[in-house]
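>>> Here is the input, now give the coordinates:
(chains A and B)
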Amino acid sequence: MEIEKQTMKRISETARIKLKEKEEEMLIKDLNNILSFFSEIKKLDLKEEEEYYIGRSTSKQREDRAENRVKESREIIKAFNSKEEDYLLAPKSL
Amino acid sequence: MKEIYEKLQNGVITPLQNLEEKIKRIKEKESEINAFITIDIENARKRAKEIEGKKTKGKLYGLIIAVKDNIAVEGIRMTCASKMLENYTPPYNATVIEKIIEEDGIIIGKTNMDEFACGSDTTHSAFKITKNPVDLTRVPGGSSGGSAAAVKAGFCDLALGSDTGGSIRCPASFCKTIGFKPSYGRVSRYGLVDMAMSLDQIGVFAEDVFGVELLFNVIKGPDEKDAVTKDFEKKENKGRVAIVKEFFEGCDERISESVRNKIRNLNAEEISIPSLKYALPTYYLLVYSEFASTMQKYDGLKYGSKGKGSDLIEFVSDARSENFGMEVKRRILLGTYITSKDYREAWYYTTLKARSVIKKEIEKKLEKYDFLIGPTMPMEAWKIGEKAEPTQMYAADILTVPVNLAGLSAISIPLENGSLQIIARQGGDENLLKFAGKLI
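A predicted model of the protein is given here:
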């Protein structure tokens, strides 16, 4: 099996997704099935091949200048969940 | 669609009359089809009255347009069919929306989809399952299933969707309408909630090629807010057509036959692209990797639903666990795994190299041929609830994903059985639409 319980714990912590016991069992099964379904790709001999990144060939840079893309900037913080007057609230990180 | 366009342009009907006609149909049938997440009748009426009687009519004057719920429209809630964004209203318009408004189009509402575009049948929405207007027991395809269903049911004249690996062409095929995925870099994605930025493209649904061309010509063009957009060099179209052998492997025989019948008179050569057998794993592994990365911004703070807990990590984890659906979690976890330090060499880097091989092989064929042809989907729309395993659903995308891996343009055209997919080179969108228009 590619993904065991221990690995699953590590990746779910990294991804910040808490899993219930039952969910975890089901996902271990799903993820292993999916990776085995796609494992044929590992058979390819690609040592000589270059990795393809979209940005390298296509992206261009623009001038670094401020632009008003939103008519009313206060609208942006409307979506923020917890506010107190002009402060945006977040849980303690330390 | 062309008829409505002409009537509006010639003043035979008014934008408001066109809108009321659509509203009538929505009232009759939307409760059984569920094409929309949000319908904005009030603003649509306001807009129809505003543009009425304009001296210079825009290219989309009075046409009713539905928008997939992952494209930002200022002032209308955008959920991406996720509980995570249930109450999020964007304060700005996507570039494509700005262009539609500029040309006097009327936005009627936001359409249902698979959550964050993760799915091929629109059953993975956190809110509702869209039904196929052609057969209500079947799925409409996905992930832009709501947009395809809205066009087919006559709720709008045109619709926008997004296509990462077939999310426009699959629902177009299943709902027996036309879906067009422009080349990578032809249409700005500013304001689109991305799923996998190296593959995503905004595109169009309509009941005829005229409608597809009309909307595409409005939304296309470089935009400095999307760094991959640019002008493409025009290439001559010599009308050389090839059918791709691998596209017919494992395809429903009636669909294969319909496709071959349709192109009987085109003198198409049969060719083989061997690396296509690796397209499906390459596509999905890339999607997982890019998706896991882009989804990090949903932390329960900036927008959408919040988590519980006084500690930051606890709070963020809670918000994500409670508000993401199962397919979204699967993809984030897989992406986290295959890009992690110990496994990225074996999985992620291999995928990037495989993409190079596939892209080069297809591009080489497109030097010799102008159009590659095959079926869009290997099967007809399945019954709601029929495909329970994730891999069953993934396998259905086998014919659409190569186009995105290589950044090409493609259109799906309905046939008696299944649909025909025509693929053209990157930047060859106009030639493709001209060719498709003649073929129908």
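
>>> Tell me the predicted confidence for the spatially closest residue to B:Glu416 that is not a sequence neighbour.
Closest residue to B:Glu416 apart from its sequence neighbours, by Cβ to Cβ, 6 or more residues apart in numbering or on different chains: B:Ser258 at 5.4 Å. Placement of C-beta: from N, CA and C, glycine included. pLDDT recorded at B:Ser258 is 97.

>>> If we go by neighbour counts, what in the strand or helix carrying B:Ser258 is buried?
According to DSSP states H and E, B:Ser258 maps onto helix B:253-262. Buried residues in helix B:253-262, counted by 16 or more other Cβ atoms under 10 Å in any protein chain shown: B:Ile255, B:Ser256, B:Glu257, B:Ser258, B:Val259, B:Arg260, B:Lys262.

>>> Same check on stretch B:333-346?
So, applying 16+ other Cβ under 10 Å, buried residues of stretch B:333-346: B:Leu333, B:Leu334, B:Gly335, B:Thr336, B:Tyr337, B:Ile338, B:Thr339, B:Ser340, B:Tyr343, B:Arg344.

>>> got those as CSV, with secondary structure and distance to A:Glu23 columns?
CSV is the format used below for those (DSSP: H, G, I helix; E, B strand; the rest coil; distance: Cβ to Cβ, whole Å):
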residue, secondary structure, distance to A:Glu23
B:Leu333, helix, 11
B:Leu334, helix, 15
B:Gly335, helix, 18
B:Thr336, helix, 16
B:Tyr337, helix, 16
B:Ile338, helix, 20
B:Thr339, coil, 22
B:Ser340, coil, 20
B:Tyr343, coil, 22
B:Arg344, coil, 25
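
>>> Would you mind trimming the residues you listed to those in range of chain A?
For chain A, the contacts drawn from the buried residues of stretch B:333-346 by Cβ under 8 Å from any Cβ of the partner chain are B:Leu333, B:Leu334, B:Thr336, B:Tyr337, B:Ser340.

>>> that's a helix at B:Tyr349, yeah?
Yes - under DSSP: H, G, I helix; E, B strand; the rest coil, B:Tyr349 sits within a helix.

>>> how about the residue lying closest to B:Ala346 once chain neighbours are set aside, secondary structure?
Spatial nearest neighbour of B:Ala346, excluding adjacent residues (Cβ to Cβ, 6+ apart): A:Lys42 at 6.6 Å. Of the three states, A:Lys42 takes helix according to three-state DSSP.

>>> if we can go back for a sec, which one of the ones next to chain A among the buried residues of stretch B:333-346 is nearest to B:Leu276?
B:Leu334 (22.4 Å; Cβ to Cβ).

>>> Identify the residues contacting the closest one.
Each residue near B:Leu334 by Cβ atoms under 8 Å, 6 or more residues apart in numbering or on different chains is listed here: A:Leu31, A:Ile34, A:Leu35, B:Tyr288, B:Ala292.

>>> Next step: those restricted to helices.
Of the contacts of B:Leu334, the ones assigned to helices by DSSP state H are A:Leu31, A:Ile34, A:Leu35, B:Tyr288, B:Ala292.

>>> Of the residues you listed, which is the most crowded?
B:Tyr288 (28 neighbours; other Cβ atoms under 10 Å in any protein chain shown).

>>> show me the residues around it that make contact.
Residues counted as contacts of B:Tyr288 (Cβ under 8 Å, 6+ apart) are B:Arg331, B:Ile332, B:Leu334, B:Gly335, B:Ile338.

>>> circling back: what's downstream of the helix holding B:Ser258, the next helix or strand?
Next along from helix B:253-262, by DSSP H and E: strand B:269-271.

>>> Tell me which other helices or strands that next one touches.
On a contact count with 3 or more Cβ pairs under 8 Å, 6 or more residues apart in numbering or on different chains; DSSP states H and E, strand B:269-271 meets strand B:241-244.

>>> Next, find the distance separating A:Glu24 from B:Ser340.
According to Cβ to Cβ, to the nearest Å, A:Glu24 and B:Ser340 sit 18 Å apart.

>>> B:Tyr88 too?
From B:Tyr88 to B:Ser340 the distance is 30 Å (Cβ to Cβ).

>>> Contacts only, for the closest residue to chain A within the stretch 1-150 of chain B.
Using Cβ to the nearest Cβ, the point where the stretch 1-150 of chain B gets nearest to chain A is B:Pro91, with a distance of 3.3 Å. B:Pro91 is in contact with A:Val70, A:Lys71, A:Glu72, A:Glu75, A:Ile76, A:Lys78, B:Glu74, B:Gly75, counting by Cβ under 8 Å, 6+ apart.
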